[in-house]
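Q: have a look at this prediction, sequence included:
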Amino acid sequence: MKERVIAVVTAGLTTPSSSRLLADQLAAAVRDELSGRGIESRIELIEARDHAHELTNNLLTGFPSAELEKVLATVAGADALIVVSPTFSASYSGLFKMFFDVLDDQALAGKPVLLAATGGTERHSLVLEFALRPLFAYLKAIPVPTAVYAASTDWGPNAQTLRPRITQAASELVAALQHETPTHADPYDNPTPFEDLLNS
């Protein structure tokens, strides 16, 4: 079976960033899920902040640099995608949007995508459904059912609370890659941050 290539795009602005930390955990979970099925994989990590100036120039001129063109080709050629954005003003960051603005609008057609975001509070978790999911639907990608949001309280001593969501999302991404029907976790066993708010 051929090697699966997973492109990971993270738009954190600092080093280190919580977006990169979440991206690393999601990528590891997907790699482990594929490995458990006997499928080799390669993770291609892309930090949007490393290409911020090139992205701006691309928007201004209409042409990517050779380096940015290579990065965009990596995303277009990947078998699946993991995307992570910090939450700014109740939406994805400008840098995150800029990256996908310069990508060919057919590059993600039919490609499975795992959506994720980070933010300071659980109240921003709706960014996944009201900002990221519509964007990738417009790009004709196939977002998996479970998206992962990590608030500040999900790190440190509470880091394990993220694990069930990460595992479920990774399982769904691999199922989509293999054209399987994903097994859904019972939402009442592992409520999302939004469901936590409703029940509080």
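A: Now that the structure is in, tell me what you want to look at. Residues are numbered from 1 along each chain as shown.
Q: give me the residues contacting the longest helix along the chain.
A: Selection of the longest helix in the chain by residue count, based on DSSP state H, yields helix 18-36. Counting contacts by C-beta atoms under 8 Å, 6 or more residues apart in numbering, the residues outside helix 18-36 that touch it are 4, 6, 8, 10-12, 40-41, 43, 45, 47, 80, 82, 84-86, 114, 116-118, 148, 150, 152, 155, 162, 166-167, 169-171, 173-174, 177. For glycine as for every other residue, the C-beta is placed from the backbone atoms N, C-alpha and C.
Q: could you look up the SS state of Ile43?
A: For Ile43, the reduced secondary structure class is strand; criterion used: DSSP: H, G, I helix; E, B strand; the rest coil.
Q: without its sequence neighbours, what residue ends up closest to it?
A: Beyond its immediate neighbours in the sequence, the residue positioned closest to Ile43 (C-beta to C-beta, 6 or more residues apart in numbering) is Ala27, lying 4.9 Å away.
Q: the one you found: how many residues sit nearby?
A: Residues lying near Ala27 (other C-beta atoms under 10 Å) number 22.
Q: how about the one 4 residues further on?
A: Neighbouring residues of Arg31 were enumerated by other C-beta under 10 Å; the total is 19.
Q: again, but for Arg42
A: When neighbours are counted by other C-beta under 10 Å, Arg42 registers 12.
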